[in-house]
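Enquirer: Please find the sequence and the predicted model below.
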Amino acid sequence: MRKMGLVVLGLALSVGLGGCVRSLGSGPNSLTSNSVVYPSPFPADSNSYGSGYGSPYGTGTGYGAGSGYNSPTNYGLSPDYHCYPSGYGYGTCPTQANNPLPQSTSTPVPLATSVSTPQPTAIPLPLASPSAVLVMPTAAPSPTPLPQGEIYAYRENFFKNYGINPFVETATDRLSTFAADVDTASYTLMRQALAQNKLPESASVRTEEFLNYFNYRYPQPMGDKFAIHTEMAPSYFGDAQTKLLRIGIQGQDIMPRNRKAAHLTLVIDVSGSMNQPRRLDLVRQSLPLLVNQLGPNDKVGIVVYGNEARTLLPHTEQKQAILNAIATLRPEGGTNAEAGLLKGFEEAAKVLRNDVSNRILLCSDGVANVGATGPDAILARIKREAEKGIALSTVGFGLGDYNDTLMEQLANQGDGTYAYVDTLAEAQRIFVQNLTGTLQTIAKDVKIQVDFNPNVVVQYRLLGYENRDIKDTDFRNDTVDAGEIGSNHSVTALYELRFHSGSPQAQVAQVVLRYKDVERQDRIHEMAKPVMSEELRAFENTSASFKLATAAAEYAEILRKSIFAQDGQFKDVSALAQSAIQGLGTDPKLNEFVGLLQKAEQLHNPPAKLSIASLVSGSQNPRNLNQWTDFLAQQLGGGGQPLSGR
């Protein structure tokens, strides 16, 4: 899916339509590409300037341009751009001499370091922008491109802002393609932030991980690995013209007695940074929960790392020996994560078998300050090991100098999942309730493509999955990495849709799922389900799980300061969540969700509402294009009044 980029930086707007693509700089004097922050080549006291374009808007030759000033005090356009060899648009693309950015957007360049550890040539940037960001990610060949440069040495919480998806014109691009994602770390990071009486960093909020934290009780597939479920209603929080489509992918549930034996290698960070509350002590409390659930044919080995890595326990089936080793964990020295992972792969290779689940489980706060190779090489190594059959999942612990971005990238490259443990109850959910899903993958490279009918749908917007975007033409390219799904895992996605007025009763969309079946030597399977306009029902008549998903997504959109949720109120989300709970029975997570909403409302200080007129006047339109205002109005769904509903 190629997305037209409306960008908001407190607020900075940018449109990409033609030969160059621009999105948003997430701080003063910054450049971004593919939603990655670059240090600005301009002096700290100067304004950054840029212009750029993207794919045609509507039909025919593309139009639209943006240029402006990326300063902390106005609504200028951020200079995120790359020149492409083809495409049409107004304005000029900067030359490589004037804009020393990489030629490829599929491999990001180094991010700027935090203020506490600035690089000599980089202007320090905030690690997480406080503003909403609506971007057009480029169509990268992989949802998790290998980063270059140093991303280890951060001594503050580090989160990466992937932007916010805009509405896409169906007449221009009817296909929406993304990789499945079952990670949940973003939700538990939010919970940990609220426990410290603060709202989470907006960049830490990934809407899809809020959605996928909950169990929507989708029916199990009948005779297949997956089942596709859809439900559609008018949007509860959107404007009157907006519809909400939920897509639920339910994976096959493998009974614990039928799961494969597991050869598990625990790679545990015992560095000095783990010697803080709810880090190594929580690791020592959490891992026994996992060990006590293992079967007689499962093996566990333990590698620890501080300044150096060493094998604490070779692989064994003896639970007491494993528990004794875990009890001895003590903090020591620096953080050589590279050595720890390499040692973990070395130990895992000794017990590698094709008929078992071979997995490394990394327990860390993501901080790394020792190691010579850098993340690009280690991530490439992780990918090679995954191709051999050794998966890597990551479990994060602690806040204060936590590297969320690194932990997510490690799991993505390792064909694993990323979770965050903030309490012993969360460890219970991961290591006891979801153990089979944690240990056994049922499908690899799971991709979802939705084909919208342009005769029915004018525009669509995918909520979340910004860093899981896949090029439409790569949907059936089976060399492109995508998501992995474990036993009984489900994937939920929400789309906001705008219909043509008086649309006929017809097919709204076709949902296609493509995956590699790990039980059949990665044989490719594809299945599809149509979405018909007859499925549209009144919101009050939707399922309780649909209402819960709506509430979870709106909560995330408000927290990440989405321009589409600037009128959102936590009390309204809380009311909807409480009504959903009544139809879902007892689940401690649901009551906790309402409590978190109430806590967030106490801490929330909503910014002033912006009208479309103010956005237009604050942005730059050097060619004085009449369509500029139309484009913004179409994105935000209104006229010059304060945005209503969203």
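Expert: Here it is on my side, so go on. Residues are numbered from 1 along each chain as shown.

Enquirer: in the stretch 451-600 of the chain, which spans are helices?
Expert: Secondary structure of the stretch 451-600 of the chain (DSSP state H, counting those that start in this stretch): helices located at 544-559, 570-581, 588-603.

Enquirer: Gln250 contacts Phe226, correct?
Expert: Yes: using CB atoms under 8 Å, Gln250 makes contact with Phe226 at a distance of 6.5 Å. (Each C-beta comes from the backbone N, C-alpha and C, glycine too.)

Enquirer: thinking again about what came up before, which stretch among the helices of the stretch 451-600 of the chain is buried most, on average?
Expert: Of these, the one with the most neighbours on average (mean count of other CB atoms under 10 Å) is helix 544-559, at a mean of 25.

Enquirer: so that helix versus helix 570-581, what angle?
Expert: Angle, helix 544-559 to helix 570-581, by axes from the mean of the first three to the mean of the last three CA atoms, to 10 degrees: 160 degrees.

Enquirer: Now distance to Val518 too, for the helices of the stretch 451-600 of the chain, in JSON lines please.
Expert: Below are the helices of the stretch 451-600 of the chain laid out as JSON lines (distance: least, CB to CB, whole Å):
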{"stretch": "helix 544-559", "distance to Val518": "28"}
{"stretch": "helix 570-581", "distance to Val518": "34"}
{"stretch": "helix 588-603", "distance to Val518": "29"}
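
Enquirer: Make JSON lines from these and add distance to Gly483 and mean pLDDT to it.
Expert: Shown next, in JSON lines, are those (distance: least, CB to CB, whole Å; pLDDT from 0 to 100):
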{"stretch": "helix 544-559", "distance to Gly483": "18", "mean pLDDT": "97"}
{"stretch": "helix 570-581", "distance to Gly483": "26", "mean pLDDT": "95"}
{"stretch": "helix 588-603", "distance to Gly483": "22", "mean pLDDT": "94"}
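
Enquirer: Could you say which one of the ones you listed comes nearest to Asn412?
Expert: Closest of the helices of the stretch 451-600 of the chain to Asn412 is helix 544-559, at 19.6 Å (criterion: CB to CB).

Enquirer: Burial check on Ala327, number of neighbours?
Expert: For Ala327, the tally of surrounding residues (other CB atoms under 10 Å) stands at 10.

Enquirer: how about it, what does it touch?
Expert: Arg284 (CB atoms under 8 Å, 6 or more residues apart in numbering).

Enquirer: Show the backbone phi and psi for it.
Expert: phi -70, psi -20 (degrees, to the nearest 10).

Enquirer: Distance of it relative to Ser271?
Expert: According to CB to CB, to the nearest Å, Ala327 and Ser271 sit 19 Å apart.

Enquirer: cool, Arg514 as well?
Expert: According to CB to CB, Arg514 stands 41 Å off from Ser271.

Enquirer: These two: who's more crowded?
Expert: Per other CB under 10 Å, whichever of Arg514 and Ser271 has more neighbours is Ser271, with 27 against 21.

Enquirer: which non-adjacent residue is nearest the more buried one?
Expert: Using CB to CB, 6 or more residues apart in numbering and skipping the chain neighbours, the partner closest in space to Ser271 is Thr335 (3.8 Å).

Enquirer: Tell me, how many residues neighbour the one you found?
Expert: Neighbour tally, Thr335, other CB under 10 Å: 26.

Enquirer: Counting neighbours, what do you get for Thr230?
Expert: By the criterion of other CB under 10 Å, Thr230 has 17 neighbours.

Enquirer: Specify the local secondary structure of it.
Expert: strand (DSSP: H, G, I helix; E, B strand; the rest coil).

Enquirer: My guess is it contacts Arg537. True?
Expert: No: in this structure, Thr230 is not within contact of Arg537 by CB under 8 Å, at 11.8 Å.

Enquirer: hang on, the earlier thing: the residue nearest to Ser271 against Glu308, yeah?
Expert: No: using CB under 8 Å, Thr335 makes no contact with Glu308, being 10.9 Å away.

Enquirer: Can you show me the strands along the stretch 201-350 of the chain?
Expert: Using DSSP state E, counting those that start in this stretch, the strands of the stretch 201-350 of the chain run over residues 226-234, 242-251, 262-269, 299-305, 309-316.

Enquirer: nearest to Thr207, of the ones you listed?
Expert: Minimum separation from Thr207 across those (CB to CB) falls at strand 242-251, 13.0 Å.

Enquirer: Name the strands paired with that closest one and say parallel or antiparallel.
Expert: strand 226-234 (antiparallel), strand 490-499 (antiparallel) (DSSP bridges).

Enquirer: CA-only coordinates of it in CSV, if you can.
Expert: Provided in CSV are the C-alpha atoms of strand 242-251 (Å, rounded to 0.1, in the frame of the first residue of the first chain):
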residue,chain,number,x,y,z
THR,A,242,-17.1,6.7,8.5
LYS,A,243,-17.6,2.9,8.8
LEU,A,244,-15.5,0.6,10.9
LEU,A,245,-14.4,-2.8,9.5
ARG,A,246,-12.8,-5.4,11.9
ILE,A,247,-10.8,-8.2,10.5
GLY,A,248,-10.0,-11.1,12.8
ILE,A,249,-7.6,-13.9,12.0
GLN,A,250,-7.8,-16.8,14.4
GLY,A,251,-5.0,-19.4,14.5
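
Enquirer: which parts of that strand are buried?
Expert: For strand 242-251, the neighbour count (16 or more other CB atoms under 10 Å) marks 242-251 as buried.

Enquirer: Give me the contacts around stretch 220-229.
Expert: 218-219, 247-253, 442-443, 485, 511, 513, 515, 517, 525, 527-529.

Enquirer: what about burial for those residues, which qualify?
Expert: 218, 247-252, 442-443, 485, 511, 513, 515, 517, 527.

Enquirer: Go ahead and confirm Ala419 touches Ala185.
Expert: Yes: assessed by CB under 8 Å, Ala419 is found in contact with Ala185 at 5.5 Å.

Enquirer: so what sits against both of the two?
Expert: Common contacts of Ala419 and Ala185 (CB under 8 Å, 6+ apart): Gly396.

Enquirer: Quick one: the helices in the stretch 101-250 of the chain, in order.
Expert: Going by DSSP H, counting those that start in this stretch, the stretch 101-250 of the chain shows helices at 185-195, 207-211.

Enquirer: Check those helices for me and report the most buried one.
Expert: By mean neighbour count, with neighbours taken as mean count of other CB under 10 Å, helix 207-211 ranks first of these at a mean of 27.

Enquirer: Let's see it as PDB, backbone CA atoms only.
Expert: Only the C-alpha atoms of helix 207-211 are listed here, as PDB (Å, rounded to 0.1, in the frame of the first residue of the first chain):
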ATOM      1  CA  THR A 207      -2.300   0.600  18.000                       C
ATOM      2  CA  GLU A 208      -2.100  -3.000  16.700                       C
ATOM      3  CA  GLU A 209      -0.500  -4.200  19.900                       C
ATOM      4  CA  PHE A 210      -3.300  -2.600  22.000                       C
ATOM      5  CA  LEU A 211      -5.800  -4.500  19.800                       C
END
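
Enquirer: Quick check: which helices or strands does it pack against?
Expert: Secondary-structure packing of helix 207-211 (3 or more CB pairs under 8 Å, 6 or more residues apart in numbering; DSSP states H and E): helix 185-195, strand 490-499, helix 544-559.

Enquirer: can you pull the alpha-carbon coordinates of the first one into PDB?
Expert: Taking Å, rounded to 0.1, in the frame of the first residue of the first chain, the C-alpha atoms of helix 185-195 are listed here in PDB:
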ATOM      1  CA  ALA A 185       4.700  -5.200  24.500                       C
ATOM      2  CA  SER A 186       3.300  -1.700  23.700                       C
ATOM      3  CA  TYR A 187       0.200  -2.300  25.800                       C
ATOM      4  CA  THR A 188       2.100  -3.500  28.900                       C
ATOM      5  CA  LEU A 189       4.600  -0.600  28.500                       C
ATOM      6  CA  MET A 190       1.600   1.700  28.700                       C
ATOM      7  CA  ARG A 191       0.400  -0.100  31.900                       C
ATOM      8  CA  GLN A 192       3.900   0.300  33.400                       C
ATOM      9  CA  ALA A 193       3.900   4.000  32.600                       C
ATOM     10  CA  LEU A 194       0.600   4.600  34.200                       C
ATOM     11  CA  ALA A 195       1.800   2.700  37.300                       C
END
